[in-house]
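In: A predicted structure for the sequence below; I have some questions about it.
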Amino acid sequence: MANPWAGEVALMIDGRRHVLKLTLGALAELEAELESGSLVDLVARFEGGALSSRDVLRLIVAGLRGGGWRGDAGDLLSAEIEGGPLGAAKAAADLLARAFMAPEVGP
């Protein structure tokens, strides 16, 4: 089971459950692949609803790699992602939100 407090998101790909996480290394790899802008720009695109399928794919790949997967974007071109493009976009948005949310502090 994915632990949201650890920034993890679960996603079914080709009938197999994967745990995605944006580790610092995965975020650095993601930022290096962005054609323009920074992670802050990527977050702004998501918040503004201006995300592209390329943004979603890059976030999914980064999250998979942060979770220990050793593939690349080409491995996902014909993959069946549960929920289709909308499911992938939701997982990508959840990854971003969980990577940058501050932990809640008890009373």
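Out: Right, received. Where do you want to start? None of the values given here were measured: they were computed from a predicted structure.
In: quick one: the strands in the protein?
Out: Assigned by DSSP state E, the strands in the chain fall at 8-13, 16-21.
In: which residues are in contact with the first one?
Out: The list of residues contacting strand 8-13 from outside it, by C-beta atoms under 8 Å, 6 or more residues apart in numbering, reads 1-2, 17-21, 60, 63, 67, 76, 79-82, 87-88, 91, 94-95, 98. Yep, even glycine has a C-beta here, placed from its N, CA and C like the rest.
In: Just the angle for that strand relative to strand 16-21, thanks.
Out: Angle, strand 8-13 to strand 16-21, by axes from the mean of the first three to the mean of the last three C-alpha atoms, to 10 degrees: 150 degrees.
In: Mind checking the pLDDT average for strand 8-13?
Out: In this model, strand 8-13 has a mean pLDDT of 95.
In: Name the residues of it that are buried.
Out: 8, 9, 10, 11, 13 (16 or more other C-beta atoms under 10 Å).
In: Write down the beta-bridge partners of the third one, one by one.
Out: In other words, residue 10. Listed by DSSP bridges, the beta-bridge partners for residue 10 are residue 19.
In: ok so, going back, list just the one of the strands of the chain that sits closest to residue 46.
Out: When the strands of the chain are compared for distance to residue 46 using C-beta to C-beta, the nearest one is strand 8-13, at 13.9 Å.
In: circling back: just put the strands of the chain in TSV and tack on distance to residue 29.
Out: Output for the strands of the chain, formatted as TSV (distance: least, C-beta to C-beta, whole Å):
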stretch	distance to residue 29
strand 8-13	17
strand 16-21	13
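In: quick one, which of these is nearest to residue 48?
Out: Closest among those, using C-beta to C-beta: strand 8-13, at 21.1 Å.
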